[in-house]
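Chemist: Please work out how this folds:
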Amino acid sequence: MSLRLRGSSAPALAVLVGALAIAACGDPTAARDGANTRRRADAIQGGTNDTGSVFAVAVLDELGEVCSGTLIAPNLVLTARHCVAPDNGGDSVDCVHDRFSPPVAPSTLRVSIDPEAAFDTATFHATKIVVPTETAFCGHDVALIILAENVPAAVAIPATPAIDPPLTDRATYGTKLTAIGYGITSPTASDDGTRRKRTNIPIVCIPGDATLGCDPADFDMTAAELSAGNGLCSGDSGSGAYVPSSLAAGTPIVIGVLSRAVDASGQCTDAIYGRTDSIGALLVSTAKDAAAAGGYAPPTWADPTSPGPDAGADGSVPTPDDPGAADTDGGAAAPASSSTTETSGCSIGAAARGSPASSSPFAAIAVACAIVATRRRRRRH
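Modeler: Numbering: from 1, shown residues only. Next up is the predicted model:
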């Protein structure tokens, strides 16, 4: 059983979320013995501070609780659904029974691109939340946030979600990923709120892949997800899994959204990401809606006939900070406030878990690498 990748709960100035799993040791089968349970994880252990990857954003609510996300268009953020919607589960994830409730009001959320994130200084406001029609947790733990403001291209070049070719194309995506998020650096730390990055994380399983294939049931996941373990240190809930060579090229590609991981003696192993290629129709339709709302042409990954968002829809010339030139491991170079909630279909899925409805889904999110018997909540501010 998996543990939810939720946020940390320490009270403090640093307000970032809990979320990703960290990693560890070697044998992914340990997570499947029943001795460990999979939960939401919460930090990048062993990562380094990252000021340049401004496409990797923080998603914060009005209580100061935070998750991570990826900017995939000037006003569109990809994150985990459990960051914006309550669910009916506890710490651990039950893929048969756990289900999501409707998302929170968009007006309660803000997005920050700062390397040190806080709600009060977050510049961008959520105006709509889009989630899959299916409510099962596993395989559907993804959400899209449309922002009221466009992020200028001079500030951040959005990442491209991997849709086609599919993630089973090893020549394109390689066998490793880079994780970027705002989590704590150890289960006992209170240093979340800082963007960190870890490279050279091996991908363990992608269902349907000729070389990395597996039975999803062995990893307590669905075919719409992938597992990255064996030393993985990923970021926060909702953080992206990126193709390393795409970061080096300055054209970031995101292949997954962090959902949950396994607690194994204080380390989080077998992190599970929602696959971007499993939600292609949702990504494309929402990107077109976001482009219409933001007044720019859709990105070419959503509409190949489009000229693209024209320098971020503000006419500026893209001059972002170094997005990660040191990430050269694995993979080929990258191919070139309303309160309404819109739903759209998700192509693959299975049953999944959720948390009790509350005024803030973050408040219900348990720190990933915390003791299983103890439920820690995201930090407030």
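
Chemist: what about Ala85, distance to Ala105?
Modeler: 11 Å (CB to CB, to the nearest Å). Every residue, glycine included, has its C-beta placed from N, CA and C.

Chemist: With neighbour numbers in mind, choose between the two.
Modeler: Per other CB atoms under 10 Å, whichever of Ala85 and Ala105 has more neighbours is Ala85, with 22 against 18.

Chemist: show me the contacts for the more buried one.
Modeler: Shown in contact with Ala85 (CB atoms under 8 Å, 6 or more residues apart in numbering): 100-104, 129, 131, 143, 354, 361.

Chemist: Can you check which strand is longest in the chain?
Modeler: strand 253-264 (DSSP state E).

Chemist: Return the list of helices and strands in contact with the helix or strand following that strand.
Modeler: Remark: after strand 253-264, the chain's next helix or strand is strand 267-275, criterion DSSP states H and E. Contacts defined by 3 or more CB pairs under 8 Å, 6 or more residues apart in numbering; DSSP states H and E place strand 267-275 against strand 225-228, strand 253-264.

Chemist: among these, which gets the worst mean confidence?
Modeler: Ranked by mean pLDDT, those bottom out at strand 253-264, with a mean of 88.

Chemist: Tell me the helix or strand right after the helix or strand bottoming out on mean pLDDT in the chain.
Modeler: None of the helices or strands of the chain scores lower by mean pLDDT, DSSP states H and E than strand 38-39, at a mean of 40. As assigned by DSSP H and E, the chain's next helix or strand after strand 38-39 is strand 48-49.

Chemist: if you go through the stretch 101-250 of the chain in chain order, where are the strands?
Modeler: For the stretch 101-250 of the chain, the strands defined by DSSP state E, counting those that start in this stretch cover 109-112, 124-132, 143-147, 160-161, 176-181, 196-202, 225-228, 240-242.

Chemist: what's the fifth one packed up against?
Modeler: Packed against strand 176-181, as judged by 3+ CB pairs under 8 Å, 6+ apart, are the following elements: strand 196-202, strand 240-242, helix 244-248, strand 253-264.

Chemist: Which strands and helices lie in contact with the third one?
Modeler: Where contact means 3+ CB pairs under 8 Å, 6+ apart, helix 244-248 is packed against strand 176-181.

Chemist: Run the angle between the strand it packs on and strand 267-275 for me.
Modeler: Comparing the axes of strand 176-181 and strand 267-275 via axes from the mean of the first three to the mean of the last three CA atoms, to 10 degrees yields an angle of 100 degrees.

Chemist: in its sheet, what does strand 176-181 sit against?
Modeler: Counting by DSSP bridges, the strands paired with strand 176-181 are strand 196-202 (antiparallel), strand 240-242 (antiparallel).

Chemist: quick revisit: what two of the contacts of Ala85 are the furthest from one another?
Modeler: Farthest apart among those by CB to CB are Ile129 and Gly354. That separation is 15.3 Å.

Chemist: rewinding a little: which one of the helices and strands packed on strand 176-181 lies closest to Asp277?
Modeler: Once the helices and strands packed on strand 176-181 are compared by CB to CB, strand 253-264 is nearest, at 7.7 Å.

Chemist: Go ahead and produce CSV holding the CA coordinates of the closest one.
Modeler: These are the backbone C-alpha positions of strand 253-264, laid out as CSV (Å, rounded to 0.1, in the frame of the first residue of the first chain):
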residue,chain,number,x,y,z
ILE,A,253,10.3,18.5,-20.9
VAL,A,254,8.2,17.2,-18.0
ILE,A,255,7.2,13.5,-18.2
GLY,A,256,5.4,13.0,-14.8
VAL,A,257,3.7,14.5,-11.8
LEU,A,258,4.6,13.3,-8.3
SER,A,259,1.8,11.4,-6.5
ARG,A,260,3.0,9.0,-3.8
ALA,A,261,5.9,6.9,-2.5
VAL,A,262,6.8,4.1,0.0
ASP,A,263,8.0,4.7,3.5
ALA,A,264,11.0,2.4,4.2
